[in-house]
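Chemist: I'd like to go over a predicted model; first the sequence, then the structure.
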Amino acid sequence: MKTLGFLIQKEFLQVRRNRMMLPVIFVVPIVQLLILVHAATFELKNVNFAVADLDRTPVSASLVRDFSSSPYFNLVAYCPTEKEGMHHLYEGSAGMVLVIPRHFGKDRAVGVRTPTVQILLDAVNGTNAGIIQAYSMRIIGTYSARMLSESPVIIPEAMRPVAWRTEVRHWFNPELNFKTFMVPGILVLLVTIIGFLLSGMNVVREKEIGTIEQINVTPVKKYHFIAAKLIPFWIIGLFELALGLAVGKLAFDIPMAGSLWLIFLSAAVYLIVVLSMGLLVSTVSENQQQSMFISFFFMMIFILMSGLFTSVDSIPAWADVINSFNPVAYFIKIMRMVLLKGSGFYDILPPLLSIAGLAALTLSLAVWRYRKVG
(Lines give C-alpha, C1' and ligand atoms only; values in the text may rest on other atoms or scores of the structure.)
Protein backbone atom coordinates (compact mmCIF):
# COMPACT_ATOMS: atom_id res chain seq x y z
CA MET A 1 0.00 0.00 0.00
CA LYS A 2 2.92 2.32 0.69
CA THR A 3 4.19 1.85 -2.85
CA LEU A 4 0.74 2.56 -4.27
CA GLY A 5 0.52 5.70 -2.15
CA PHE A 6 3.76 7.05 -3.57
CA LEU A 7 2.67 6.29 -7.13
CA ILE A 8 -0.68 8.04 -6.64
CA GLN A 9 1.16 11.04 -5.18
CA LYS A 10 3.37 11.07 -8.30
CA GLU A 11 0.31 11.06 -10.56
CA PHE A 12 -1.26 14.03 -8.78
CA LEU A 13 2.05 15.91 -9.04
CA GLN A 14 2.11 15.21 -12.78
CA VAL A 15 -1.44 16.52 -13.17
CA ARG A 16 -0.62 19.66 -11.19
CA ARG A 17 2.54 20.37 -13.19
CA ASN A 18 0.84 19.86 -16.56
CA ARG A 19 -0.42 23.35 -17.38
CA MET A 20 -2.50 22.11 -20.30
CA MET A 21 -4.33 19.46 -18.27
CA LEU A 22 -5.49 21.66 -15.38
CA PRO A 23 -7.71 23.95 -17.52
CA VAL A 24 -9.13 20.88 -19.29
CA ILE A 25 -10.05 19.34 -15.95
CA PHE A 26 -11.46 22.35 -14.09
CA VAL A 27 -12.38 25.09 -16.59
CA VAL A 28 -13.45 23.44 -19.84
CA PRO A 29 -16.14 21.14 -18.33
CA ILE A 30 -17.90 24.01 -16.55
CA VAL A 31 -17.81 26.20 -19.66
CA GLN A 32 -19.14 23.28 -21.72
CA LEU A 33 -21.93 22.70 -19.22
CA LEU A 34 -23.03 26.34 -19.31
CA ILE A 35 -22.92 26.51 -23.13
CA LEU A 36 -24.07 23.05 -24.22
CA VAL A 37 -27.22 23.10 -22.10
CA HIS A 38 -28.39 26.22 -23.96
CA ALA A 39 -27.24 24.96 -27.37
CA ALA A 40 -28.43 21.34 -27.14
CA THR A 41 -32.17 22.02 -27.27
CA PHE A 42 -34.95 21.16 -29.69
CA GLU A 43 -37.06 24.13 -28.65
CA LEU A 44 -37.75 26.62 -31.44
CA LYS A 45 -38.75 30.21 -30.86
CA ASN A 46 -39.37 33.12 -33.22
CA VAL A 47 -39.87 30.91 -36.27
CA ASN A 48 -40.32 33.22 -39.27
CA PHE A 49 -43.58 32.57 -41.10
CA ALA A 50 -45.55 34.18 -43.91
CA VAL A 51 -49.32 34.39 -44.26
CA ALA A 52 -51.30 34.08 -47.48
CA ASP A 53 -54.72 35.24 -46.31
CA LEU A 54 -57.10 34.75 -49.26
CA ASP A 55 -60.19 35.28 -47.09
CA ARG A 56 -59.41 38.68 -45.54
CA THR A 57 -62.11 38.57 -42.90
CA PRO A 58 -62.02 39.24 -39.16
CA VAL A 59 -62.21 35.47 -38.62
CA SER A 60 -59.04 34.81 -40.61
CA ALA A 61 -57.33 37.82 -39.02
CA SER A 62 -58.06 36.30 -35.61
CA LEU A 63 -56.22 33.11 -36.57
CA VAL A 64 -53.24 35.09 -37.87
CA ARG A 65 -53.21 37.06 -34.63
CA ASP A 66 -53.04 33.81 -32.61
CA PHE A 67 -49.96 32.75 -34.56
CA SER A 68 -48.17 36.09 -34.46
CA SER A 69 -48.80 36.56 -30.71
CA SER A 70 -47.27 33.17 -29.92
CA PRO A 71 -43.64 33.22 -28.70
CA TYR A 72 -42.88 30.46 -31.21
CA PHE A 73 -43.69 32.42 -34.37
CA ASN A 74 -42.63 35.71 -35.93
CA LEU A 75 -44.70 37.12 -38.81
CA VAL A 76 -42.37 38.38 -41.55
CA ALA A 77 -44.64 38.71 -44.59
CA TYR A 78 -48.33 39.18 -45.35
CA CYS A 79 -48.81 37.86 -48.89
CA PRO A 80 -51.81 38.43 -51.16
CA THR A 81 -51.34 35.09 -52.94
CA GLU A 82 -50.16 31.60 -52.09
CA LYS A 83 -47.48 31.83 -54.80
CA GLU A 84 -45.88 34.82 -53.14
CA GLY A 85 -45.88 32.98 -49.81
CA MET A 86 -44.13 30.04 -51.47
CA HIS A 87 -41.49 32.46 -52.73
CA HIS A 88 -40.58 33.34 -49.12
CA LEU A 89 -40.38 29.62 -48.35
CA TYR A 90 -38.05 28.93 -51.29
CA GLU A 91 -35.67 31.79 -50.56
CA GLY A 92 -35.44 30.84 -46.88
CA SER A 93 -36.83 34.01 -45.34
CA ALA A 94 -39.73 32.01 -43.84
CA GLY A 95 -39.84 28.52 -42.41
CA MET A 96 -43.60 28.18 -42.72
CA VAL A 97 -46.44 29.59 -44.79
CA LEU A 98 -49.96 29.73 -43.39
CA VAL A 99 -52.51 29.63 -46.24
CA ILE A 100 -56.07 30.64 -45.35
CA PRO A 101 -58.42 29.80 -48.27
CA ARG A 102 -61.32 31.87 -49.52
CA HIS A 103 -64.67 31.46 -47.75
CA PHE A 104 -62.86 30.47 -44.53
CA GLY A 105 -64.98 32.88 -42.48
CA LYS A 106 -68.16 31.97 -44.39
CA ASP A 107 -67.67 28.24 -43.79
CA ARG A 108 -67.23 28.91 -40.10
CA ALA A 109 -70.32 31.13 -39.91
CA VAL A 110 -72.64 28.85 -41.92
CA GLY A 111 -71.42 25.64 -40.31
CA VAL A 112 -72.15 23.48 -43.37
CA ARG A 113 -68.51 22.77 -44.20
CA THR A 114 -65.58 22.52 -41.84
CA PRO A 115 -63.18 25.48 -42.28
CA THR A 116 -59.73 24.36 -43.37
CA VAL A 117 -56.30 25.97 -43.51
CA GLN A 118 -53.08 24.85 -45.16
CA ILE A 119 -49.60 24.85 -43.62
CA LEU A 120 -46.57 24.72 -45.90
CA LEU A 121 -43.29 23.82 -44.18
CA ASP A 122 -39.63 23.98 -45.11
CA ALA A 123 -38.77 20.35 -44.31
CA VAL A 124 -35.09 20.41 -45.29
CA ASN A 125 -34.53 19.96 -41.55
CA GLY A 126 -37.08 17.26 -40.74
CA THR A 127 -36.75 17.69 -36.99
CA ASN A 128 -37.49 21.41 -37.12
CA ALA A 129 -40.40 20.82 -39.50
CA GLY A 130 -41.94 18.31 -37.08
CA ILE A 131 -41.61 20.73 -34.16
CA ILE A 132 -43.11 23.62 -36.14
CA GLN A 133 -46.01 21.39 -37.20
CA ALA A 134 -46.66 20.43 -33.57
CA TYR A 135 -46.65 24.09 -32.52
CA SER A 136 -49.05 24.95 -35.37
CA MET A 137 -51.46 22.13 -34.51
CA ARG A 138 -51.56 23.30 -30.91
CA ILE A 139 -52.42 26.88 -31.91
CA ILE A 140 -55.03 25.78 -34.46
CA GLY A 141 -56.57 23.39 -31.92
CA THR A 142 -56.90 26.19 -29.35
CA TYR A 143 -58.34 28.49 -32.01
CA SER A 144 -60.89 25.86 -33.11
CA ALA A 145 -62.05 25.28 -29.54
CA ARG A 146 -62.53 29.00 -29.01
CA MET A 147 -64.39 29.45 -32.30
CA LEU A 148 -66.65 26.48 -31.52
CA SER A 149 -67.61 27.97 -28.17
CA GLU A 150 -68.41 31.30 -29.87
CA SER A 151 -70.22 29.73 -32.84
CA PRO A 152 -73.64 31.32 -33.59
CA VAL A 153 -74.89 28.09 -35.18
CA ILE A 154 -77.38 26.31 -32.94
CA ILE A 155 -76.94 22.54 -33.02
CA PRO A 156 -79.96 20.43 -32.02
CA GLU A 157 -79.51 18.49 -28.81
CA ALA A 158 -79.92 15.13 -30.57
CA MET A 159 -77.14 15.99 -33.05
CA ARG A 160 -74.76 17.54 -30.54
CA PRO A 161 -71.63 15.37 -30.18
CA VAL A 162 -70.53 14.00 -26.85
CA ALA A 163 -68.13 16.41 -25.17
CA TRP A 164 -64.76 14.95 -24.29
CA ARG A 165 -62.27 16.68 -22.09
CA THR A 166 -58.62 15.76 -22.34
CA GLU A 167 -56.32 16.78 -19.52
CA VAL A 168 -52.58 16.35 -20.13
CA ARG A 169 -50.15 16.00 -17.25
CA HIS A 170 -46.40 15.74 -17.72
CA TRP A 171 -44.67 13.75 -15.01
CA PHE A 172 -41.15 14.45 -13.73
CA ASN A 173 -40.78 17.57 -15.94
CA PRO A 174 -44.16 19.38 -15.71
CA GLU A 175 -42.99 22.58 -17.40
CA LEU A 176 -41.33 20.66 -20.28
CA ASN A 177 -38.10 22.51 -19.56
CA PHE A 178 -35.52 21.14 -21.98
CA LYS A 179 -32.62 22.21 -19.74
CA THR A 180 -33.97 19.96 -17.00
CA PHE A 181 -33.80 17.04 -19.42
CA MET A 182 -30.37 17.90 -20.86
CA VAL A 183 -28.29 18.78 -17.77
CA PRO A 184 -28.04 15.19 -16.42
CA GLY A 185 -26.91 13.95 -19.83
CA ILE A 186 -24.36 16.76 -20.25
CA LEU A 187 -22.90 15.88 -16.84
CA VAL A 188 -22.38 12.30 -18.04
CA LEU A 189 -20.61 13.67 -21.12
CA LEU A 190 -18.23 15.75 -18.99
CA VAL A 191 -17.38 12.84 -16.68
CA THR A 192 -16.76 10.68 -19.76
CA ILE A 193 -14.32 13.21 -21.21
CA ILE A 194 -12.37 13.37 -17.95
CA GLY A 195 -12.21 9.62 -17.54
CA PHE A 196 -11.77 8.42 -21.11
CA LEU A 197 -9.71 11.08 -22.82
CA LEU A 198 -7.40 12.37 -20.10
CA SER A 199 -6.54 9.02 -18.52
CA GLY A 200 -5.47 7.59 -21.88
CA MET A 201 -3.45 10.65 -22.81
CA ASN A 202 -1.72 10.63 -19.44
CA VAL A 203 -0.30 7.14 -20.00
CA VAL A 204 0.73 7.93 -23.59
CA ARG A 205 2.46 11.09 -22.41
CA GLU A 206 4.69 8.94 -20.21
CA LYS A 207 5.52 6.88 -23.29
CA GLU A 208 6.55 10.02 -25.18
CA ILE A 209 8.78 11.45 -22.45
CA GLY A 210 10.27 8.02 -21.63
CA THR A 211 9.29 7.73 -17.96
CA ILE A 212 7.20 4.63 -18.52
CA GLU A 213 10.32 2.64 -19.43
CA GLN A 214 11.90 3.73 -16.15
CA ILE A 215 8.83 2.52 -14.25
CA ASN A 216 8.78 -0.77 -16.16
CA VAL A 217 12.28 -1.75 -14.98
CA THR A 218 11.52 -0.98 -11.32
CA PRO A 219 10.12 -3.55 -8.82
CA VAL A 220 6.74 -1.80 -9.04
CA LYS A 221 4.04 -4.41 -9.53
CA LYS A 222 1.78 -4.32 -12.56
CA TYR A 223 -1.37 -3.82 -10.49
CA HIS A 224 0.33 -0.99 -8.57
CA PHE A 225 1.01 0.87 -11.80
CA ILE A 226 -2.49 0.37 -13.20
CA ALA A 227 -4.19 1.33 -9.93
CA ALA A 228 -2.01 4.45 -9.66
CA LYS A 229 -3.04 5.45 -13.17
CA LEU A 230 -6.76 4.94 -12.52
CA ILE A 231 -7.33 6.18 -8.96
CA PRO A 232 -6.31 9.88 -9.44
CA PHE A 233 -8.64 10.37 -12.41
CA TRP A 234 -11.33 8.37 -10.62
CA ILE A 235 -11.16 10.92 -7.77
CA ILE A 236 -11.02 13.85 -10.22
CA GLY A 237 -14.04 12.47 -12.10
CA LEU A 238 -16.13 12.25 -8.92
CA PHE A 239 -15.07 15.78 -7.96
CA GLU A 240 -16.01 16.98 -11.47
CA LEU A 241 -19.43 15.38 -11.12
CA ALA A 242 -20.01 17.06 -7.74
CA LEU A 243 -18.96 20.42 -9.18
CA GLY A 244 -21.22 19.91 -12.20
CA LEU A 245 -24.21 19.03 -10.02
CA ALA A 246 -23.64 22.18 -7.97
CA VAL A 247 -23.44 24.34 -11.10
CA GLY A 248 -26.52 22.62 -12.54
CA LYS A 249 -28.51 23.35 -9.41
CA LEU A 250 -27.37 26.97 -9.08
CA ALA A 251 -27.45 27.92 -12.77
CA PHE A 252 -30.36 25.82 -14.09
CA ASP A 253 -32.22 24.78 -10.92
CA ILE A 254 -32.32 21.13 -11.98
CA PRO A 255 -34.43 18.93 -9.70
CA MET A 256 -32.71 16.40 -7.46
CA ALA A 257 -35.60 14.15 -6.60
CA GLY A 258 -33.53 11.08 -5.74
CA SER A 259 -30.54 10.25 -3.58
CA LEU A 260 -27.20 11.80 -4.52
CA TRP A 261 -25.50 8.79 -2.95
CA LEU A 262 -26.97 6.64 -5.74
CA ILE A 263 -25.59 9.08 -8.30
CA PHE A 264 -22.08 8.88 -6.88
CA LEU A 265 -22.29 5.10 -6.44
CA SER A 266 -23.20 4.72 -10.10
CA ALA A 267 -20.54 7.26 -11.11
CA ALA A 268 -17.88 5.36 -9.15
CA VAL A 269 -18.64 2.18 -11.10
CA TYR A 270 -19.04 4.04 -14.40
CA LEU A 271 -15.66 5.75 -14.03
CA ILE A 272 -13.99 2.35 -13.77
CA VAL A 273 -15.39 1.57 -17.23
CA VAL A 274 -14.22 4.77 -18.94
CA LEU A 275 -10.87 4.83 -17.14
CA SER A 276 -10.21 1.24 -18.18
CA MET A 277 -11.15 2.10 -21.75
CA GLY A 278 -8.74 5.04 -21.65
CA LEU A 279 -6.00 2.76 -20.36
CA LEU A 280 -6.82 0.21 -23.05
CA VAL A 281 -6.58 2.86 -25.77
CA SER A 282 -3.25 4.04 -24.37
CA THR A 283 -1.75 0.55 -24.69
CA VAL A 284 -2.31 0.56 -28.46
CA SER A 285 -1.33 4.21 -29.04
CA GLU A 286 2.17 5.50 -29.70
CA ASN A 287 1.54 9.21 -29.05
CA GLN A 288 -1.05 11.60 -27.60
CA GLN A 289 -2.47 12.56 -30.98
CA GLN A 290 -3.19 8.95 -31.87
CA SER A 291 -4.74 8.35 -28.45
CA MET A 292 -6.97 11.40 -28.87
CA PHE A 293 -8.21 10.30 -32.31
CA ILE A 294 -9.01 6.78 -31.14
CA SER A 295 -10.74 8.09 -28.00
CA PHE A 296 -12.87 10.55 -29.97
CA PHE A 297 -13.83 7.82 -32.45
CA PHE A 298 -15.35 5.65 -29.72
CA MET A 299 -16.73 8.60 -27.75
CA MET A 300 -18.70 9.88 -30.75
CA ILE A 301 -20.29 6.47 -31.25
CA PHE A 302 -21.13 6.12 -27.56
CA ILE A 303 -22.57 9.65 -27.27
CA LEU A 304 -24.65 9.58 -30.47
CA MET A 305 -26.12 6.18 -29.54
CA SER A 306 -26.66 7.02 -25.87
CA GLY A 307 -29.98 8.86 -26.15
CA LEU A 308 -28.39 12.13 -25.03
CA PHE A 309 -29.66 14.18 -27.97
CA THR A 310 -32.12 11.86 -29.72
CA SER A 311 -34.21 8.91 -28.62
CA VAL A 312 -32.80 5.44 -29.30
CA ASP A 313 -36.14 3.65 -29.03
CA SER A 314 -36.51 3.39 -32.81
CA ILE A 315 -33.01 2.16 -33.70
CA PRO A 316 -32.82 -1.17 -35.59
CA ALA A 317 -32.30 -4.44 -33.75
CA TRP A 318 -28.64 -4.84 -34.79
CA ALA A 319 -27.82 -1.34 -33.50
CA ASP A 320 -29.65 -2.09 -30.25
CA VAL A 321 -27.36 -5.09 -29.75
CA ILE A 322 -24.31 -2.84 -30.18
CA ASN A 323 -25.85 -0.28 -27.84
CA SER A 324 -26.08 -2.90 -25.08
CA PHE A 325 -22.30 -2.44 -24.72
CA ASN A 326 -22.61 1.35 -24.45
CA PRO A 327 -21.85 2.47 -20.85
CA VAL A 328 -22.79 6.09 -21.61
CA ALA A 329 -26.39 5.07 -22.40
CA TYR A 330 -26.73 3.23 -19.08
CA PHE A 331 -25.32 6.07 -16.99
CA ILE A 332 -27.47 8.73 -18.71
CA LYS A 333 -30.51 6.57 -17.96
CA ILE A 334 -29.49 6.30 -14.29
CA MET A 335 -28.84 10.05 -13.98
CA ARG A 336 -32.24 10.97 -15.40
CA MET A 337 -34.04 8.31 -13.37
CA VAL A 338 -32.54 9.41 -10.06
CA LEU A 339 -32.49 13.19 -10.57
CA LEU A 340 -35.84 13.61 -12.34
CA LYS A 341 -37.93 10.63 -11.21
CA GLY A 342 -36.47 10.00 -7.76
CA SER A 343 -35.78 6.34 -8.55
CA GLY A 344 -34.38 4.12 -5.81
CA PHE A 345 -31.61 1.53 -5.76
CA TYR A 346 -33.72 -1.36 -7.04
CA ASP A 347 -35.06 0.80 -9.88
CA ILE A 348 -31.57 1.51 -11.23
CA LEU A 349 -30.20 -1.96 -10.46
CA PRO A 350 -30.50 -3.37 -14.05
CA PRO A 351 -28.48 -0.58 -15.74
CA LEU A 352 -26.08 -0.45 -12.77
CA LEU A 353 -25.37 -4.19 -13.11
CA SER A 354 -24.77 -3.67 -16.83
CA ILE A 355 -22.22 -0.96 -16.05
CA ALA A 356 -20.58 -3.21 -13.46
CA GLY A 357 -20.30 -6.01 -16.02
CA LEU A 358 -18.73 -3.65 -18.56
CA ALA A 359 -16.35 -2.39 -15.84
CA ALA A 360 -15.13 -5.93 -15.14
CA LEU A 361 -14.73 -6.62 -18.87
CA THR A 362 -12.87 -3.43 -19.80
CA LEU A 363 -10.63 -3.51 -16.72
CA SER A 364 -9.67 -7.12 -17.45
CA LEU A 365 -8.86 -6.26 -21.07
CA ALA A 366 -6.77 -3.25 -20.02
CA VAL A 367 -4.79 -5.29 -17.48
CA TRP A 368 -4.29 -8.11 -19.97
CA ARG A 369 -3.23 -5.76 -22.78
CA TYR A 370 -0.70 -3.80 -20.72
CA ARG A 371 2.76 -5.33 -20.88
CA LYS A 372 5.26 -4.58 -18.13
CA VAL A 373 8.88 -5.30 -18.89
CA GLY A 374 11.24 -5.92 -16.00
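Modeler: Thanks, I have it.
Chemist: what stretches of this structure score poorly on pLDDT?
Modeler: Low-confidence segments of the chain, defined by pLDDT under 70: 1, 107-113, 150-169, 212-217, 371-374.
Chemist: Next, the buried residues of the lengthiest helix in it.
Modeler: For the chain, the longest helix by residue count, based on DSSP state H, is helix 222-252. Residues 224-226, 228-234, 236-238, 240-241, 243-245, 247-248, 252 are the ones in helix 222-252 that count as buried (16 or more other C-beta atoms under 10 Å). (Each C-beta comes from the backbone N, C-alpha and C, glycine too.)
Chemist: by contact count, what packs against that helix?
Modeler: Packed against helix 222-252 by the contact rule (3 or more C-beta pairs under 8 Å, 6 or more residues apart in numbering; DSSP states H and E) you find helix 2-17, helix 28-39, helix 178-192, helix 199-209, helix 260-284, helix 345-369.
Chemist: any chance of the ones you listed in CSV, with distance to A319 too?
Modeler: Formatted as CSV, the helices and strands packed on helix 222-252 follow (distance: least, C-beta to C-beta, whole Å):
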stretch, distance to A319
helix 2-17, 37
helix 28-39, 25
helix 178-192, 19
helix 199-209, 26
helix 260-284, 20
helix 345-369, 17
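Chemist: possible to save those as a markdown table with mean neighbour count?
Modeler: What follows is these, written out as a markdown table (neighbours: other C-beta atoms under 10 Å):
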| stretch | mean neighbour count |
| --- | --- |
| helix 2-17 | 13 |
| helix 28-39 | 15 |
| helix 178-192 | 23 |
| helix 199-209 | 20 |
| helix 260-284 | 22 |
| helix 345-369 | 16 |
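Chemist: Tell me which of the ones you listed sits nearest to Y72.
Modeler: Closest to Y72 of the helices and strands packed on helix 222-252 is helix 178-192 (C-beta to C-beta; 13.6 Å).
Chemist: Can you pull out the residues in contact with the closest one?
Modeler: Contact with helix 178-192 is made by 29, 32-33, 36-38, 40-43, 173, 237, 240-241, 244-245, 248, 252, 254-255, 267, 270-271, 274, 299, 302-303, 306-308, 328, 331-332, 335-336, 339-340, as judged by C-beta atoms under 8 Å, 6 or more residues apart in numbering.
Chemist: Could I get the full set of strands for the stretch 51-200 of the chain?
Modeler: Taking DSSP state E, counting those that start in this stretch as the criterion, the stretch 51-200 of the chain carries its strands at 73-79, 96-100, 118-121.
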